[in-house]
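> fold the stuff below for me.
(one chain, ligands or ions: 2)
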Amino acid sequence: MPKVLVSDKLSPRAVDIFKARGVEVDVKTGLKPEELIAIIGDYDGLAIRSATKVTKDVLEAATNLKVVGRAGIGVDNVDIPVATQKGVVVMNTPYGNAITTAEHAVAMMFALARQIPQANASTHAGKWEKSKFMGVELTGKTLGIIGCGNIGSIVAERAVGLRMRVIAFDPFLPPERALDLGVEKVDLDDLIARSDIISLHTPLTDKTRNILSAEAIGRMKSGVRIINCARGGLVDEAALKAGLESGHVAGAALDVFEQEPAKDNPLFGLDNVVCTPHLGASTTEAQENVALQVAEQISDFLLTGAVTNALNMPAVSAEEAPRLRPYMKLCGELGGFAGQITESGLKSVRIEYQGDVAGLNTRPLSAAVMQGLLTPLLEAVNMVSAPVVARERGIEIKETKSESCRNYHSLIRLEVTTERQTRSVEGTLFGDSLPRIVRINDIPVEAELGPDMLYLINEDKPGFIGSLGSTLGDSGINIASFHLGRTDAGGQAICLVQVDGPVPAATLEAVRALPHVVQAKPLRF
Ligand SMILES: NC(=O)c1ccc[n+]([C@@H]2O[C@H](COP(=O)([O-])OP(=O)(O)OC[C@H]3O[C@@H](n4cnc5c(N)ncnc54)[C@H](O)[C@@H]3O)[C@@H](O)[C@H]2O)c1
Ligand SMILES: O=C(O)[C@H](O)COP(=O)(O)O
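Ligands and ions are numbered 1, 2, ... in the order given. Below you'll find the predicted structure:
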């Protein structure tokens, strides 16, 4: 039974789902990094929010970990490149808290416009400062949205409903989508110059860090208000402080901070700043949504291989997973076969999908081929890391698809080019589920791969099969199945022999010494 650790505060419904699906679950929140490192090796899955930092050190210690599931959107607390190298799938729940976070940004906009938190504190203190808290109306004001994805779009729709003029800067926002939302797509300079209120909704990346810099703040309209419910680091906090103190910036509402938990921040104490402790996603509804989704996604992955909302692996739906499973096995075998007979540097890989299989989701199939191919050559690659490792090593991967296929419903052909030669291996499924190799280097053969195999290239001469059988028999090696193929009578032949156990080195030498043997390789699957 797979085992999952929940290391951040998640709705208890997540635990119910894990248990109902047959996944063992432990909940241990507030762990120190060294405490997490000490126990992570016991788990197949890790469910987190933003508090757990899944660092390189954690991933190095996570020897059984297969999946990290983020109950929420931002994954900047997960070292995704290292997770990918380690073959750990990283998933998030991209929509579950989007409405709630957008509502928080809208609430922040009202809080700023009418100074509600400040007026609330003053009234509680018995001051009745009616003339102090003069607000501004939102109707007719220009709201500038930086990052108009899931959350930014919802904020835009709500703001249009408030009769605001909405402009957005997002290089990836399609013009038709902007039109649908009632938003004017602008460049960043234009947004900065025209907005009365600016709301940030991008991830924190190298391009967005300090997107509201001192220089950008200086170019804003006097009296601008700034809202950040996305990520700390998007606004230069020192520059914002200077702008607020000079009065150039009329107010700022911040849910996220450069350093979190934010217990001591330069902006704290300024009377035109509204702060919340990263509450954007904190509603009962959003927390139920993300906890249920992450528990379903992690369980599906660990139990069925379905991949949903992964950031470092192609998606596989729950419907596709059972259909793809036998093809995944076949692809792993084709890759494993080619990888084990490859001795010089890999240059390129061509994977051809013919017939019915061409209509399936082939990205995970190609990842399985690459895993099979690279595993004999490199240490610890899997479906997540193999395509990345191949790219890093300059191995070119080409994929082709054709609906037509001679002789079979489906055929997968793998062609591998090394520094020395090009080889190919082809396979199909018998009865929709049984992988079979049907051609090696364009020589027809029909073989089922077992755990221990012997692969031979030989000259097609009388007596060869007998001498091979005797050599193996003399070493006490039982033959489970024997598959032959040849170019033409007396030409080049291949043998794939399934044996009951590994072939010892001495036996292999004896086989290699037999007349007519060109090459003999033990293979393991
Ligand atoms: N405060 C919270 O509790 C809370 C809750 C949920 C999400 N978030 C954060 O909100 C942010 C947005 O989430 P989302 O779900 O809308 O993400 P999303 O991916 O749907 O949208 C992000 C948008 O930013 C745009 N973008 C990327 N780089 C950009 C750039 N350089 N300039 C302008 N636009 C750029 C993208 O094109 C995309 O449309 C994320 O950082 C997420 O972590 C915070
Ligand atoms: O990216 C997110 O989903 C938000 O930042 C929410 O973070 P949280 O789950 O820690 O509240």
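
> could I get the full set of strands for the stretch 101-250 of the chain?
Per DSSP state E, counting those that start in this stretch, the stretch 101-250 of the chain carries strands over the ranges 142-146, 165-169, 184-185, 197-200, 224-228, 249-254.

> how about JSON lines for the ones you listed, with mean pLDDT and distance to ligand 2 added?
In short, each C-beta sits where N, CA and C put it, glycine included. Formatted as JSON lines, the strands of the stretch 101-250 of the chain follow (pLDDT from 0 to 100; distance: least, C-beta to the nearest ligand atom, whole Å):
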{"stretch": "strand 142-146", "mean pLDDT": "98", "distance to ligand 2": "16"}
{"stretch": "strand 165-169", "mean pLDDT": "98", "distance to ligand 2": "20"}
{"stretch": "strand 184-185", "mean pLDDT": "98", "distance to ligand 2": "25"}
{"stretch": "strand 197-200", "mean pLDDT": "98", "distance to ligand 2": "13"}
{"stretch": "strand 224-228", "mean pLDDT": "98", "distance to ligand 2": "12"}
{"stretch": "strand 249-254", "mean pLDDT": "98", "distance to ligand 2": "13"}
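
> give me whichever of those strands is most buried.
For the strands of the stretch 101-250 of the chain, the largest average neighbour count (mean count of other C-beta atoms under 10 Å) is found in strand 197-200, namely a mean of 27.

> can that strand be said to contact ligand 1?
No: judged by C-beta under 6 Å from any ligand atom, strand 197-200 makes no contact with ligand 1; its nearest approach is 8.0 Å.

> take the strands of the stretch 101-250 of the chain and lay them out in CSV including distance to residue 378.
Below are the strands of the stretch 101-250 of the chain laid out as CSV (distance: least, C-beta to C-beta, whole Å):
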stretch, distance to residue 378
strand 142-146, 42
strand 165-169, 43
strand 184-185, 45
strand 197-200, 41
strand 224-228, 43
strand 249-254, 46
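
> any idea what the nearest residue to residue 230 once chain neighbours are set aside is bridged to?
Leaving aside its sequence neighbours, residue 230 sits nearest to residue 200 (C-beta to C-beta, 6 or more residues apart in numbering; 4.7 Å). According to DSSP bridges, residue 146, residue 228 are recorded as the beta-bridge partners of residue 200.

> test my guess that residue 333 contacts residue 524.
No: contact between residue 333 and residue 524 fails when scored by C-beta atoms under 8 Å: they sit 11.3 Å apart.

> looking at those two, which one has more neighbours?
For residue 333 versus residue 524, neighbours defined as other C-beta atoms under 10 Å are more numerous around residue 333 (24 against 13).

> what packs against the strand or helix carrying residue 520?
Element membership of residue 520 [criterion: DSSP states H and E] is strand 517-524. Here strand 517-524 touches helix 320-341, strand 452-459, helix 505-512, going by 3 or more C-beta pairs under 8 Å, 6 or more residues apart in numbering; DSSP states H and E.

> can you give me the buried ones in it?
Neighbour counts over strand 517-524 (16 or more other C-beta atoms under 10 Å) mark 517, 520, 521, 522, 523 as buried.

> excluding chain neighbours, give the residue nearest to the third one in space.
Nearest non-adjacent residue to residue 521, counting by C-beta to C-beta, 6+ apart: residue 455, 4.7 Å away.

> can you pull the contacts of the residue of the stretch 51-200 of the chain found nearest ligand 1?
In the stretch 51-200 of the chain, the residue found nearest to ligand 1 is residue 149; the distance is 1.9 Å by C-beta to the nearest ligand atom. By C-beta atoms under 8 Å, 6 or more residues apart in numbering, the contact list for residue 149 reads 170, 172, 201, 202.
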